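**Q** sequence first, then the predicted structure, then my questions.
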Amino acid sequence: MIVDNVSLSVRPGETLAVVGESGSGKTMTFLSAIGLVPAPGKVVSGQVMFDGTDLLTLSMEGLRRRRGAGVAMVFQDPLSGLNPVFPIGEQIIEVLRAHRPIGRAEGRRRAIELLDRVQIPDPRRRVDDYPHQLSGGMRQRVLIAMAIALEPRVLIADEPTTALDVTVQAQVLELLAGLRDETGMAMVLITHDLGLVARHADRVAVMYAGRVVEEGTIDAVFKATAHPYTVSLFRSVPHLDADSAVDLKAIEGQPPNPAFLPAGCAFEERCFLGAGREDCLRRAPALADTGAGDHRTACHHAAELRQREGRP
């Protein structure tokens with residue numbers, strides 16, 4: 001099972017960051033939510049509540065109507081997300097006309113407005129460009145324009161700055177934050193970059209082996225980290241004020257095969273608290289309150305961890 005027992009929520013005007021290693025289930029969680037799980041995968045149980053409706057109970061046509069207008073997604077690879085044989089304006093118009101009864105002239109006008117909104121220079125000229133005529137950062141902006149075309153209430157951004165240079169990364173994320181503030185939409189930021197999380201999110205959920213292992217506000221998770229996996233992620237991040245001679249601490253070992261998860265804690269073999277503890281081997285820890293506000297962790301030894309790390 002790729003994703004198991006994941007429960008997340010995001011409020012209007014809020015950014016929820018979902019972090020974890022590749023293969024932890026971040027993207028699959030949200031593809032499941034909007035009915036885009038690639039075959040042969042399927043959703044076998046659960047609920048996806050949006051505006052009082054469980055999206056999993058809708059027909060394919062009902063779900064299609066909700067996608068774009070209610071929930072939209074910005075995919076991580078702008079080259080695969082855009083059709084190379086159609087101008088970008090045509091692709092935006094297609095999104096609009098799939099959901100609203102507008103003519104081509106109105107669709108073109110709206111496409112130019114959207115390109116301007118995502119800060120594409122000279123949008124009246126660039127609307128007729130093909131994807132290969134745009135830089136990586138501009139292609140990502142086009143994907144964002146397509147995602148916000150129908151003014152969704154929830155925007156899912158899946159690694160929106162992958163393969164972009166640092167300056168363009170900052171521009172794209174500032175653009176997303178500005179759109180969130182302007183429209184009041186909820187935003188989910190799927191990433192592995194803890195620096196982006198610290199700067200742009202309100203709350204964070206850490207995933208490992210298809211499950212949420214820690215969740216809370218940015219302050220709680222960053223300042224009172226309560227799961228060994230989250231601590232290990234922080235240890236592997238370089239810091240500008242750190243001694244250059246000090247090696248980063250990689251997380252030893254590999255994540256478990258999601259098809260053969262252990263009966264106990266999935267992180268047990270890689271945990272620096274010490275492998276082989278009986279309770280960690282026998283039962284998977286449930287996500288539970290730490291007692292410090294909006295902060296939950298799935299660790300049998302969270303209190304010991306906080307004491308060892310000098311956490312509050």
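**A** Right, received. Where do you want to start?

**Q** OK, contacts around residue 129?
**A** Counting by Cβ atoms under 8 Å, 6 or more residues apart in numbering, residue 129 touches 87, 88. No exception for glycine: its C-beta is placed from N, CA and C like everyone else's.

**Q** measure it to residue 87 for me?
**A** Residue 129 sits 6 Å away from residue 87, taking Cβ to Cβ, to the nearest Å as the criterion.

**Q** for the residue nearest the centre of the chain, phi and psi?
**A** The residue lying closest to the centre of the chain (Cα atoms, centre = their mean) is residue 190, at 1.7 Å. When quoted as degrees, to the nearest 10, the phi and psi of residue 190 stand at phi -90, psi 120.

**Q** that one reaches residue 27, doesn't it?
**A** Yes - using Cβ atoms under 8 Å, residue 190 is in contact with residue 27, at 6.0 Å.

**Q** what touches both of the two?
**A** Shared contacts of residue 190 and residue 27, counting by Cβ under 8 Å, 6+ apart, come down to 76, 158, 159.

**Q** so residue 213 lies in a strand, does it not?
**A** Yes - according to DSSP: H, G, I helix; E, B strand; the rest coil, residue 213 belongs to a strand.

**Q** next, count neighbours for it.
**A** Counted with other Cβ atoms under 10 Å, the neighbours of residue 213 add up to 25.

**Q** same question for the one 3 residues further on.
**A** Around residue 216 there are 23 other residues, counting by other Cβ under 10 Å.

**Q** how about the closest residue to it other than its chain neighbours, phi and psi?
**A** Closest residue to residue 216 apart from its sequence neighbours, by Cβ to Cβ, 6 or more residues apart in numbering: residue 295 at 3.5 Å. Main-chain torsions, residue 295, degrees, to the nearest 10: phi -160, psi 120.

**Q** got a list of what residue 295 touches?
**A** By Cβ under 8 Å, 6+ apart, residue 295 lies in contact with 215, 216, 217, 220, 221, 224, 226, 289.

**Q** for residue 234, same thing?
**A** Neighbouring residues of residue 234 by Cβ under 8 Å, 6+ apart: 194, 222, 225.

**Q** with residue 87 instead?
**A** With contacts defined as Cβ under 8 Å, 6+ apart, residue 87 is in contact with 127, 128, 129, 130.

**Q** next, give phi and psi for it.
**A** Torsion angles, degrees, to the nearest 10, at residue 87: phi -60, psi 150.

**Q** from residue 116, how far out is it?
**A** Residue 87 is 16 Å from residue 116, by Cβ to Cβ.

**Q** next: residue 305.
**A** 49 Å.

**Q** those two: which has the busier surroundings?
**A** Legend: neighbour count by other Cβ under 10 Å for residue 305 and residue 116, higher for residue 305 (21 against 16).

**Q** what pLDDT does the model give residue 310?
**A** Residue 310 carries a pLDDT value of 60.

**Q** and residue 80, by the same measure?
**A** So residue 80 comes in at 80 (pLDDT).

**Q** how about stretch 157-166: buried residues?
**A** For stretch 157-166, burial by neighbour count (16 or more other Cβ atoms under 10 Å) applies to 157, 158, 159, 160, 161, 162, 164.

**Q** can you give me the strands for this protein?
**A** With strands called from DSSP state E, the chain shows them at 15-19, 49-50, 53-54, 71-74, 154-158, 186-191, 203-208, 211-217, 288-289, 295-297.

**Q** nearest to residue 253 among those would be which one?
**A** Closest to residue 253 of the strands of the chain, according to Cβ to Cβ: strand 203-208, at 12.2 Å.

**Q** for that closest one, packing partners?
**A** When contacts are defined as 3 or more Cβ pairs under 8 Å, 6 or more residues apart in numbering; DSSP states H and E, strand 203-208 packs onto strand 15-19, strand 211-217, helix 218-223, helix 228-235.

**Q** as CSV, the ones you listed with distance to residue 2 would be great.
**A** Converted to CSV, the helices and strands packed on strand 203-208 look like this (distance: least, Cβ to Cβ, whole Å):
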stretch, distance to residue 2
strand 15-19, 14
strand 211-217, 11
helix 218-223, 24
helix 228-235, 18
